[in-house]
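Visitor: Starting from these lines, generate the structure:
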Amino acid sequence: DVQLVESGGGSVQAGEPLRLSCDTSGFRFMVSCMAWFRQAPGQEREGVAVIDTDGETRYVDSVTGRFTISSDNAKNTLFLQMNSPKPEDTSVYYCAAEDWGCFGLDTNNFGYWGQGTQVTVS
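Guide: Numbers count the residues shown, from 1 in each chain. Sure thing, here's the model as predicted:
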């Protein structure tokens with residue numbers, strides 16, 4: 001079975017770094033497009049960052065320069081380093097994966113999802 005399990009969320013002060021992890025199993029992690037999305041109450045799910053199989057990364061403008069997406073292929077784990085978080089970054093953060101191609105930060109492009117981890121920045 002495919003599993004994506006996020007961890008590392010919590011409550012932090014603005015500017016306090018936080019690192020999210022996504023432990024995965026059941027699919028071909030090394031050849032998959034991996035991403036982080038987030039969803040605040042009453043809002044649509046938003047793409048935050050994506051990393052493709054060549055290690056190329058892209059970010060939504062609002063987090064560029066503050067967040068870094070990375071992966072550990074040996075451990076099938078995805079990370080999101082959140083530096084200088086702001087209150088507007090408060091959301092549930094989701095890990096997402098797709099093993100047949102990488103087509104950008106749209107929820108329709110990802111078939112596997114985690115359950116999410118809450119991040120609150122005050």
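
Visitor: now the closest residue to Thr120 other than its chain neighbours: how far from Val119?
Guide: Once flanking residues are discounted, Thr120 sits nearest to Ser11: 4.4 Å by C-beta to C-beta, 6 or more residues apart in numbering. In this view, the C-beta of every residue, glycine as well, is placed from N, C-alpha and C. Distance, Ser11 to Val119, using C-beta to C-beta, to the nearest Å: 8 Å.

Visitor: Touching, the residue nearest to Thr120 and Thr117? I think so.
Guide: No: here Ser11 lies out of contact with Thr117, judged by C-beta atoms under 8 Å, at a distance of 11.8 Å.

Visitor: Those two: which has the busier surroundings?
Guide: Thr117 (21 against 12; other C-beta atoms under 10 Å).

Visitor: Next, find the distance separating that one from Trp36.
Guide: Counting by C-beta to C-beta, the gap from Thr117 to Trp36 is 10 Å.

Visitor: and for these two, which residues touch both?
Guide: Common neighbours of Thr117 and Trp36 are listed as 20, 93 (criterion: C-beta atoms under 8 Å, 6 or more residues apart in numbering).

Visitor: How confident is the prediction for the most centrally placed residue in the chain, by pLDDT?
Guide: Ranked by distance to the mean C-alpha position of the chain (C-alpha atoms, centre = their mean), the top residue is Trp36 at 2.0 Å. With respect to pLDDT, Trp36 scores 98.

Visitor: is it true that it touches Ala96?
Guide: Yes: at 7.3 Å, Trp36 counts as touching Ala96 under the criterion of C-beta under 8 Å.

Visitor: In contact with Glu88, which residues?
Guide: Neighbouring residues of Glu88 by C-beta under 8 Å, 6+ apart: 62, 121.

Visitor: Looks to me like it is in a strand.
Guide: No: the assignment for Glu88 (DSSP: H, G, I helix; E, B strand; the rest coil) gives helix, which keeps it out of a strand.
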